[in-house]
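Colleague: Quick one: sequence and predicted model below, then my questions.
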Amino acid sequence: MNHPAPERPADILARLRATFRTGRTKPVEWRTAQLGRLRALLTENGPDLEAALHADLGKSAAEAQRTEIGFTVREIDHTLEHLADWLRPEPAPVPAHLGTDATAWTQYDPLGVVLVIAPWNYPAQLLLTPLAGALAAGNAVVAKPSELAPATSAVLARLLPAYLDPEAVAVVEGGVPETTALLAERFDHIFYTGNGTVGRIVMRAAAEHLTPVTLELGGKSPAFVDRDTDLDVVAARLAAGKFLNAGQTCVAPDYVLTDPETAAALEPALARAVEALYGDDPANAPEYGRIVDERHFDRLTALLDSGRVVVGGTGDRAAKYIAPTVLADVAPESPVMSEEIFGPILPIVTVPGLDEAIAFVDDRDKPLALYVFTESAETRERFAAETSSGALGSGLPLAHLTVSDLPFGGVGESGTGSYHGRYSLETFSHRKAVLDKPLG
Ligand code: NAD
């Protein structure tokens, strides 16, 4: 069969830019109509999306609905509810020397044509949620799904042009060569989710055109567990957050930081929590996911001997399965502590107490998320005041990202910029200053 040659990046850009220039994407009606179409794509194609997510990552249909499809629908609904409000120009007080007839305000202007590059771990959510934000802000968009989630990439490449305005939204599938070619073009914003190495490549390419970037990166997100907490509750919440999507979640608790006595009591609590979630053979638990590919399987397997296995520790390369694993007696300089784990391995690292825990966090890259499990308001406040992270979650991992009114993003090595809700509008708009002084 003869396929037509794919459209060149320069031609895609020229086409989308021409659409943007007509002004078609600017009225709020176009924006809300596109958001409505994106919502319909998600609600009308559940089975296709669920099948693709299962093929790519072994996600169960329930998890696909909760963390990808339903998540994005909720973001869209929140935006549809508030967009007109958010877009209202905001008056600014005018200083006396400009006279009483002068007025000033800020308004959100769309940026133009933006590029969204998504990773493989939540391949639908992490392409479509930024896309929704970019459309809400009135932009034309090039969407680049991850080649490491090929089934989801193919479904989205088929559906997006069918549901959305094809003159304003383009999908480019592919890996490094295709992304490199896109990055050579001049975009008005680049929104990248993925690892810091590629984040640097994206930022360098963007610098050529002075294009602003949002970098949604990762890193090691610590979970501090205080003494005197209900460890069964803590363990249940830690395990649920860690082993979701087989640990391949950017804000998953990467490691536990606690004192030695608490660690000793937490170990059996975590083993019980894993069994409560996935039974005694997680390989047969339908809701437990798989590792994305053999390269990541091998990388993760090499980390399994960084400590004493409390639970799990086994795997099956052919099935890309790694058991939910807890490691104890892990040294801070061990391999599992030297990189973001991004898989179902939870090491427990011990420190003498709170001061050392805070110093441990501050000595390392700023995390995307920091989790604190404590009954003490003072301890929470110390973490809030003395550490820096994209987000601080107290008592419940991952949950902050479901609050649409909170900005989602990192700081330092974990990223720059943020999105979700009105923060997506901020990210994909220019906040224009306007001064009006009548001539009369
Ligand atoms: P990935 O391998 O899918 O890469 C992400 C994107 O970058 C893909 O679209 C890919 O095609 C593109 N890419 C890869 N190499 C490139 C290159 N040399 N030049 C240009 N583009 C290139 O995903 P990943 O990076 O393995 O994702 C995992 C990382 O992403 C983890 O560090 C995780 O913490 C982070 N992450 C962050 C968030 C967040 O919201 N902050 C969400 C998910 C994942």
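Modeller: Okay, I see it.
Colleague: okay, CA-based contacts and neighbour counts for the rest of this
Modeller: Will do.
Colleague: Now stretch 301-314 - C-alpha only, CSV.
Modeller: Provided in CSV are the C-alpha atoms of stretch 301-314 (Å, rounded to 0.1, in the frame of the first residue of the first chain):
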residue,chain,number,x,y,z
THR,A,301,16.2,-5.2,37.7
ALA,A,302,19.7,-4.0,38.2
LEU,A,303,18.4,-1.9,41.1
LEU,A,304,16.9,-4.8,43.0
ASP,A,305,20.0,-5.7,44.9
SER,A,306,20.5,-2.2,46.4
GLY,A,307,19.0,-3.5,49.7
ARG,A,308,17.3,-6.3,51.6
VAL,A,309,14.0,-7.4,50.0
VAL,A,310,11.1,-7.0,52.3
VAL,A,311,8.5,-7.9,49.7
GLY,A,312,8.7,-8.6,45.9
GLY,A,313,12.1,-8.6,44.3
THR,A,314,11.1,-10.9,41.5
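Colleague: Residues touching it, excluding its own?
Modeller: For stretch 301-314, the surrounding residues in contact (C-alpha atoms under 8 Å, 6 or more residues apart in numbering) are 267-268, 271, 315, 322-331, 334-336, 345, 347.
Colleague: my read: V251 touches S221, true?
Modeller: Yes - with contacts defined as C-alpha atoms under 8 Å, V251 counts as touching S221 at a distance of 6.5 Å.
Colleague: between the two, what contacts are shared?
Modeller: With C-alpha under 8 Å, 6+ apart, V251 and S221 have common neighbours L368, A369.
Colleague: ok, back up a step: need the buried ones from the contacts of stretch 301-314 selected in PyMOL.
Modeller: Command for PyMOL that selects the buried part of the contacts of stretch 301-314, burial taken from 16 or more other C-alpha atoms under 10 Å:
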select buried, resi 267+268+271+315+322+323+324+325+326+327+328+329+330+335+336+345+347
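Colleague: ok, for the residue of the stretch 301-440 of the chain found nearest the ligand, nearest residue in space, not its chain neighbours?
Modeller: Going by C-alpha to the nearest ligand atom, the ligand is nearest to G409 of the stretch 301-440 of the chain, at 5.9 Å. Leaving aside its sequence neighbours, G409 sits nearest to S418 (C-alpha to C-alpha, 6 or more residues apart in numbering; 4.2 Å).
Colleague: go on, W105?
Modeller: Closest to W105 by C-alpha to C-alpha, 6+ apart is P91, at 4.1 Å.
Colleague: contacting residues for that neighbour?
Modeller: T103, A104, W105, T106.
Colleague: if you set the cut-off to 7 Å instead, what comes out?
Modeller: Going by C-alpha atoms under 7 Å, 6 or more residues apart in numbering, P91 touches A104, W105, T106.
Colleague: What backbone torsions are found at the second one?
Modeller: Torsion angles at W105 (phi, psi; degrees, to the nearest 10) stand at phi -160, psi 170.
Colleague: Near the ligand, which residues of the stretch 1-150 of the chain? Just list them.
Modeller: Residues of the stretch 1-150 of the chain lying close to the ligand (C-alpha under 6 Å from any ligand atom) are I117, A118, P119, W120, K144, P145, S146, E147, L148.
Colleague: any weak-confidence spans in the stretch 301-440 of the chain?
Modeller: Nowhere does the stretch 301-440 of the chain drop to pLDDT under 70.
Colleague: same question but for the stretch 101-250 of the chain, I mixed them up
Modeller: Using pLDDT under 70, nothing in the stretch 101-250 of the chain is flagged.
Colleague: May I have the residues that are in contact with P145?
Modeller: Going by C-alpha under 7 Å, 6+ apart, P145 touches I117, A118, P119, P123, L127, S153, E173.
Colleague: which one of the residues you listed is nearest the ligand?
Modeller: Nearest to the ligand among the contacts of P145, with distances taken as C-alpha to the nearest ligand atom, is P119, at 3.4 Å.
Colleague: Leaving out the residues flanking it, which one is nearest to the closest one?
Modeller: S146 (5.0 Å).
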